[in-house]
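**Q** show me the folded form of this:
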Amino acid sequence: MNLAAKLMQKFEDHVTPHNLKGYRDKVELIRKRNLEAWDEKQLQAESLRLKKEAQSGTPLDELLLDAYALVCETAKRTLGLQPYDVQIIAAIALHEVFLIEQHTGEGKTLSAVMPAYLNALTGKGVHVLTFNDYLANRDAEWMGPIYRFLGLTVNSVQAGMSLAEKREAYAADITYVTAKEAGFDYLRDTIALNEADTVLRPFHYVIVDEADSLLIDEARVPLVIAGEPGSSNNVNIRFAEVARQFKQLEHYDFDEFKRNVYLNEVGSAKAESLLGCGNLYESHNSHLLMSLNCALHAESLLKKDVDYIVRDGKIELIDEYTGRVAENRHLPEGLQAALAAKEGVQSKTGGEILGTITLQHFLSLYPKICGMTATAHASAMEFKDGYELQVVQIPPNRPNIRIDHPHRIYTHKEAKLKALVQEISSIHATGRPILIGTSSVGESDMLAKALAVADVPCHVLNAKNDVKEAEIIAKAGEIGAVTVSTNMAGRGVDIRLGGGNPTQADVVAKLGGLYVIGTYVNESVRIDDQLRGRSGRQGDPGASVFFVSLEDELILRFGINKAIRNLRQDEVLEESVLRNKITHIQRVIMGQNFHIRQELNCYSDMVEEQRRILYKERLKILKGETPMSPSEQRVRLFYIDKFWADHLAYASYIREGIHLESLANRNPIDEFHMQIIQEYEHISAKINIESTNMLVKLGGSNDPALWEKFGLKSPTSTRTYIINDQYIQRKAGYWSPETIVAYWIRKILRRSFGWKKF
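**A** So this is what the prediction gives:
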């Protein structure tokens with residue numbers, strides 16, 4: 001068995017072979033608790049009884065049957081929704097903190113209400129984490145009548161709310177909020193100098209919607225809170241101009257998987273000539289080398305309309321998993337500035353990082369975590385490894401009859417585009433609705449233009465407008481609809497045949513249902529399955545197919561195109577071995593990305609552990625649990641924040657070059673841990689010394705005006721942003737053995753012997 005096969009077997013083994021019979025028995029008991037004859041007062045009295053039981057210490061497991069029967073009856077009366085048996089099964093598994101795989105259109109939103117209600121009875125609060133602000137607001141309003149009828153409060157958090165509004169929303173029994181906004185609010189709380197400025201209460205139970213996206217794809221995304229930056233200077237323009245003069249092969253080359261770019265002998269000599277800096281690899285030129293590498297990376301690896309777009313004079317990054325504009329997303333500081341210089345736009349740089357946490361670490365703060373998604377099976381091992389979450393596959397309410405056609409593979413992109421337009425035109429002529437998932441903003445626009453020439457009208461979705469996109473996606477099942485979207489636009493929004501019109505739905509069903517077309521294959525099979533899953537909901541007919549060219553980036557990276565040299569034809573390739581090879585590539589890349597994320601964890605876990613130790617002490621001071629005066633409280637909080645920010649800067653600096661420890665046969669991760677542990681051990685003494693000195697200056701004064709005078713205040717303004725996970729994962733794979741050897745030769749040996757000796 002080869003490595004890829006072994007890896008997939010591991011994934012398979014981590015899917016819980018759960019015995020659903022026990023759940024079905026519980027469903028039967030819930031159904032037997034028939035509450036149809038009860039009036040509203042009886043139902044509400046029962047909810048009050050359950051709340052008293054929960055808050056007096058009765059285990060929630062003992063209340064589950066009564067609570068779920070109550071929610072089922074309330075959902076029917078308030079919303080006209082009668083939960084299916086499989087939705088109740090999913091709800092039981094969620095309470096038992098499993099990750100459920102529930103197919104698209106099976107009603108995850110209603111499934112989540114039952115465990116949310118049950119766990120909220122304790123009074124400790126429940127968070128439901130959604131994919132975007134639109135869904136948080138929609139689901140809170142949609143399911144709100146159930147909760148309110150049963151005497152519980154519900155609210156949603158939206159970006160841009162005031163502190164008071166957020167505090168009220170988080171005080172509700174059930175709060176719908178995006179993971180990122182909740183994470184940013186947590187970071188803001190960690191630097192608050194007054195308890196009144198915090199918005200969150202202690203975490204309790206969380207249900208993660210679209211769990212594969214949040215727990216896997218964006219798990220390592222660092223959320224950052226920083227002081228306001230200054231305007232950039234023009235120094236990066238100089239490096240951008242130098243990078244533009246380099247040519248691949250002549251001056252630079254890539255590593256095997258195009259994750260890294262590095263200068264060769266000629267390129268380094270040219271750079272030294274253009275910069276007038278002498279040996280570029282001398283230690284005193286390290287800042288020049290870093291800036292040049294960033295400029296070269298931006299020039300050669302970051303593609304406009306694929307990795308980013310330029311809109312309204314700003315760089316906006318594109319999420320590699322969704323193909324959509326990623327709001328509030330930044331590259332690491334140097335690369336962000338280099339990209340802005342490449343495109344000739346202004347960038348904001350600087351701004352001290354005050355706090356940071358990855359989504360994985362943030363979610364681990366919840367004592368109880370569960371999740372739901374339509375595609376969990378393929379990443380079961382990661383869910384178990386990262387979160388101790390086991391996957392339970394929930395059977396569909398009705399059998400899935402969608403037809404998933406084999407990939408259609410073409411020798412070159414032009415042939416693929418021609419075939420795509422022909423396929424879409426012929427299907428559209430029948431009136432059958434079509435949803436097309438593309439790889440990038442640029443490809444969406446190109447396909448739309450080609451369809452316009454063929455007289456096929458279409459909607460194009462590739463911007464960040466969740467409300468508008470949700471409305472269009474919801475209509476993607478109407479007769480004659482052609483919707484071109486970057487891969488998962490509208491995630492969380494159901495596509496109903498006929499747009500929900502029963503007459504139209506019958507017509508569309510007879511035409512074969514929604515036809516989903518992928519214009520490329522993703523690195524992960526799971527992402528492909530997300531696109532496929534837009535069709536065939538609730539037993540509806542449907543079909544899916546992926547069009548692939550041997551010139552697609554994923555294929556070129558692994559050299560499949562070399563297997564069919566000099567062959568260029570418009571017809572589809574029929575070799576089944578190519579389809580098998582593509583599947584093999586996806587499995588290999590999934591394994592690579594999994595191991596990259598594991599390595600990233602090794603670096604960030606230690607810093608997060610240090611943060612939690614320090615924050616625990618900080619929280620005691622903030623809440624007044626540690627006796628002291630107001631001035632002592634302010635001083636210690638200020639210096640805790642100051643020296644933690646310094647520590648983050650130090651950790652970032654060490655992390656940037658720690659891979660070079662392998663040149664001396666040392667383990668980079670071990671060296672990183674050793675250095676940041678040594679540095680962390682000094683923080684407590686620094687805080688004590690500076691606090692003592694400041695308290696002497698204050699003379700025991702509790703006058704806020706004097707605090708301000710001595711600078712004991714929060715930053716006048718802060719910004720929150722996300723460091724792009726795509727770049728961090730690539731960087732984790734930057735230093736292949738070949739790259740390390742090349743670096744060694746250039747940096748160390750070149751001084752004595754010159755390039756030609758090697």
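**Q** for the stretch 1-150 of the chain, give me the ranges with low pLDDT.
**A** Counting by pLDDT under 70, the stretch 1-150 of the chain contains low-confidence ranges at 1-18.
**Q** what are the ranges of the strands in it?
**A** 99-101, 126-130 (DSSP state E, counting those that start in this stretch).
**Q** what does the stretch 551-700 of the chain give?
**A** Going by DSSP E, counting those that start in this stretch, the stretch 551-700 of the chain shows no strands.
**Q** for it, what spans make up the helices?
**A** 553-558, 576-622, 630-657, 668-680, 683-698 (DSSP state H, counting those that start in this stretch).
**Q** export the strands of the stretch 1-150 of the chain to a markdown table and tack on distance to Ile424 and mean neighbour count?
**A** Bear in mind the C-beta positions are built from the backbone N, C-alpha and C, glycine included. Listed next are these as a markdown table, based on distance: least, Cβ to Cβ, whole Å; neighbours: other Cβ atoms under 10 Å:
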| stretch | distance to Ile424 | mean neighbour count |
| --- | --- | --- |
| strand 99-101 | 31 | 27 |
| strand 126-130 | 32 | 27 |
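**Q** wait, which of those strands is closest to Gly371?
**A** Checking the strands of the stretch 1-150 of the chain against Gly371 by Cβ to Cβ gives strand 99-101 as the closest, at 4.6 Å.
**Q** who does that closest one touch, helix- and strand-wise?
**A** Using 3 or more Cβ pairs under 8 Å, 6 or more residues apart in numbering; DSSP states H and E, the elements in contact with strand 99-101 are helix 85-95, strand 368-373, strand 391-393.
**Q** distance to Lys697 and mean neighbour count for these - can I get that in a markdown table?
**A** Formatted as a markdown table, the helices and strands packed on strand 99-101 follow (distance: least, Cβ to Cβ, whole Å; neighbours: other Cβ under 10 Å):
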| stretch | distance to Lys697 | mean neighbour count |
| --- | --- | --- |
| helix 85-95 | 55 | 25 |
| strand 368-373 | 46 | 24 |
| strand 391-393 | 58 | 23 |
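**Q** quick revisit: closest one to Tyr515 among the helices of the stretch 551-700 of the chain?
**A** Among the helices of the stretch 551-700 of the chain, if distance is taken as Cβ to Cβ, the winner is helix 576-622, at 19.9 Å.
**Q** what's the closest of the strands of the stretch 1-150 of the chain to Ile527?
**A** strand 99-101 (14.7 Å).
**Q** so what touches the closest one?
**A** 90, 93-94, 111, 211, 215, 370-377, 383, 387, 389-394 (Cβ atoms under 8 Å, 6 or more residues apart in numbering).
**Q** direction included, what does it pair against?
**A** Strand pairing for strand 99-101, using DSSP bridges, gives strand 368-373 (parallel), strand 391-393 (parallel).
**Q** you'd agree Ala192 is up against Leu200?
**A** No: here Ala192 lies out of contact with Leu200, judged by Cβ atoms under 8 Å, at a distance of 10.3 Å.
**Q** does Gly512 touch Pro541 like I think?
**A** Yes: if you go by Cβ under 8 Å, Gly512 and Pro541 touch, sitting 5.6 Å apart.
**Q** residues in contact with Phe413?
**A** One correction, residue 413 is Lys, not Phe. Contacts of Lys413 (Cβ under 8 Å, 6+ apart): 549, 551-552.
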